[in-house]
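Chemist: Compute the structure for the input listed below.
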Amino acid sequence: MPTRVIDVGVDGENVRLFEPPQTMREEYVALSYCWGDVPFIKTLLENISEHKTALIISELPQTFKDAIAITRALCLRYIWIDALCIIQDSDEDKVKELGVMGKIYSFASLTISAVSAVSVFEGFLEVKAQLSVELPFACPDGEMGSVVVTLQKGMDLWQERLYTRAWCLQENLLSPRVLLFCDGDVAWQCQTSPFRRMDNTYVLYNNGNSAESASSPFRRLPGSIFSEGKIPYSPIKVSYLTTNPETELKTWKCIVENYTRRRLSYLPDRLPALAGVAEKFQKVWTDEYLAGLWKHHFISLLAWRRSPDEPLVVFEPLGWYRAPSWSWASIEGPVKYFHLTEQSSAQKVEAKFKSCSVSLVNASLPFGQVQSAKLELEVSMVSMSQIPGPGDRLGAGSWARRSWDDMEEPEPEEIETLWDMFLCEGNLLTGKSKAALSLLLCPIEGEKDTFKRVGFSEWTVRRNWRPWSLVKRRTITIL
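Modeler: A predicted model of the protein is given here:
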């Protein structure tokens, strides 16, 4: 069990904060919800003793009241709620509990997800009034009756509040069973049934019902990852539950794409909010986790760029260090991965991993915040002054596209000082064109062969155009 849980008792009683003994094994519920911007009751150093005595239900926000009601209705005794079960003004307690956050949701018998509640005060059990009209209806027996017609409601889960919050992704993925309380509907999720709902509902999900799609909000972890290497029995054949190293790698990329489209209230949490999922992968892969990338798949995982799906949203540069420039965690906003670097797609992978060192803010949190990092690669690279720009002709059917990590394209004279570092080359899905991917690097003044990543480049050419093949390979450092 977690360090602390809420003992919900029985109907009519107040609840209390409870610290179970380490040997205690009892079922408990976990709550996944959005805090909102208005202050509400939390456990602090000054009131923890009071909370252990009693928490007055009438003083709790509505989402907590609803979650307690559901827990009691299920005949369960305990629920874990982060704001009440973590001492919010104790850095020591927060570090300790954040380190086991993944386990808390993994071991919960059920997770209650308040999908549509914008804040903790909104709750999720009250059914909102829907637009409907009662019409006369002639029954088959000749009698007159009536029928109520309700406007069908379309829902895009990606637009629901819980699906816009970064922390809530791992809470969903790591939970073995989830009850989704949406606006006007209740749905069920588990490993063998990624999305199940009542048939007689007026809510229509724009996302469909499939969990197979990489972009589906219903997608679950592969069974091999979720069960840490042991494939659980499933009476239902679901392809993504089967174990396959390349499928697992693609799943990790999809998770990063899903995760980075979500927002954080506290920006340094870019890596910590995914730590529980990373820990699951690490136990199966027995690989080294390096600031959001995996050592065994490192070159493939370097092939990310800013997602073109949100071109109108401006994400300002951080202005402070959160992760090395080669990590997706170094920028704000969604990223997109290229699968050309995977074994089945790549024909020629030029960049070679040499070494990587990562210094953590807290050594006890190996998947958490990063203090500094240094990557060493053996590569082929050429000056950007020798590379055609996106507007230059590369031949019939050829094109080039650049993506800048800081969103704004540098001035032409600044681009001339950059370097293009070749990652890999492969065939496209159709036609005879070749595709090439490369990182755009800026030299760090005063440090020999040391660079930082500033962008990403894609090339598609029909003729034999390989400027990197003409240069001597070199070993560089990227910070």
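Chemist: Residue 385 touches residue 419, doesn't it?
Modeler: No. Contact criterion C-beta atoms under 8 Å: residue 385 and residue 419 do not qualify, at 9.6 Å. Heads up, the C-betas are built off the backbone N, CA and C, glycines and all.
Chemist: Comparing the two, which residue is more hemmed in?
Modeler: residue 419 (21 against 11; other C-beta atoms under 10 Å).
Chemist: Next up, phi/psi of the more buried one, please.
Modeler: phi -130, psi 150 (degrees, to the nearest 10).
Chemist: Could you measure from it over to residue 134?
Modeler: 71 Å (C-beta to C-beta, to the nearest Å).
Chemist: do the same with residue 142
Modeler: If you go by C-beta to C-beta, the gap between residue 142 and residue 134 works out to 20 Å.
Chemist: Now do stretch 357-376: distance to the chain's middle.
Modeler: 20 Å (C-alpha atoms, centre = their mean, to the nearest Å).
Chemist: Could you tell me the end-to-end distance of that stretch?
Modeler: Using C-alpha to C-alpha, to the nearest Å, the end-to-end distance of stretch 357-376 comes to 9 Å.
Chemist: any idea of the mean pLDDT for stretch 413-425?
Modeler: Averaged across stretch 413-425, the pLDDT comes to 87.
Chemist: tell me how far it is from the chain's mean position?
Modeler: That offset, for stretch 413-425, works out to 30 Å (C-alpha atoms, centre = their mean).
Chemist: Alpha carbons only: can I get it in PDB?
Modeler: In PDB, the C-alpha atoms belonging to stretch 413-425 read as follows (Å, rounded to 0.1, in the frame of the first residue of the first chain):
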ATOM      1  CA  GLU A 413      24.200  34.500 -41.700                       C
ATOM      2  CA  GLU A 414      23.700  32.500 -38.500                       C
ATOM      3  CA  ILE A 415      22.600  29.400 -40.500                       C
ATOM      4  CA  GLU A 416      25.900  29.600 -42.300                       C
ATOM      5  CA  THR A 417      27.700  28.900 -39.000                       C
ATOM      6  CA  LEU A 418      25.700  25.700 -38.300                       C
ATOM      7  CA  TRP A 419      26.500  22.100 -39.100                       C
ATOM      8  CA  ASP A 420      24.300  19.300 -40.600                       C
ATOM      9  CA  MET A 421      25.000  16.000 -38.800                       C
ATOM     10  CA  PHE A 422      23.800  12.900 -40.800                       C
ATOM     11  CA  LEU A 423      21.700  10.400 -38.800                       C
ATOM     12  CA  CYS A 424      20.400   7.900 -41.400                       C
ATOM     13  CA  GLU A 425      19.000   7.200 -44.800                       C
END
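Chemist: How far does stretch 95-106 sit from its chain's centre?
Modeler: 16 Å.
Chemist: For it, measure first residue to last.
Modeler: 18 Å.
Chemist: Residues touching that stretch, excluding its own?
Modeler: 2-3, 30, 32, 80, 82, 85-86, 111, 170-171, 174-176, 272, 275-277, 279-280, 362, 364-365, 368 (C-beta atoms under 8 Å, 6 or more residues apart in numbering).
Chemist: Of these, select the buried ones using a PyMOL command.
Modeler: A single PyMOL command selects the buried members of the contacts of stretch 95-106 (16 or more other C-beta atoms under 10 Å):
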select buried, resi 2+3+30+32+80+82+85+86+111+170+171+174+175+176+272+275+276+277+279+280+365+368
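Chemist: measure the residue located most distally from the centre of the chain to residue 247 for me?
Modeler: Going by C-alpha atoms, centre = their mean, the residue of the chain most distant from its centre is residue 142, 57.5 Å out. Separation of residue 142 from residue 247 (C-beta to C-beta): 60 Å.
Chemist: Now do the same for the residue farthest from the centre of the chain: its pLDDT.
Modeler: 85.
Chemist: so it, which of the three states?
Modeler: Secondary structure assignment for residue 142 (DSSP: H, G, I helix; E, B strand; the rest coil): coil.
Chemist: Please apply the same query to residue 63.
Modeler: Going by three-state DSSP: residue 63 is helix.
Chemist: Tell me how many other residues crowd it.
Modeler: For residue 63, using other C-beta under 10 Å, the count is 27.
Chemist: how close does residue 63 get to residue 20?
Modeler: Residue 63 is 23 Å from residue 20, by C-beta to C-beta.
Chemist: ignore the last one, residue 269
Modeler: Counting by C-beta to C-beta - residue 269 and residue 20 are separated by 27 Å.
Chemist: Strands of the stretch 351-479 of the chain, start to end?
Modeler: 352-360, 370-379, 381-383, 399-404, 419-427, 434-443, 450-461, 474-478 (DSSP state E, counting those that start in this stretch).
Chemist: for the fourth one, packing partners?
Modeler: Same thing as strand 399-404. Identification of packing neighbours for strand 399-404 by 3 or more C-beta pairs under 8 Å, 6 or more residues apart in numbering; DSSP states H and E yields strand 304-306, strand 450-461.
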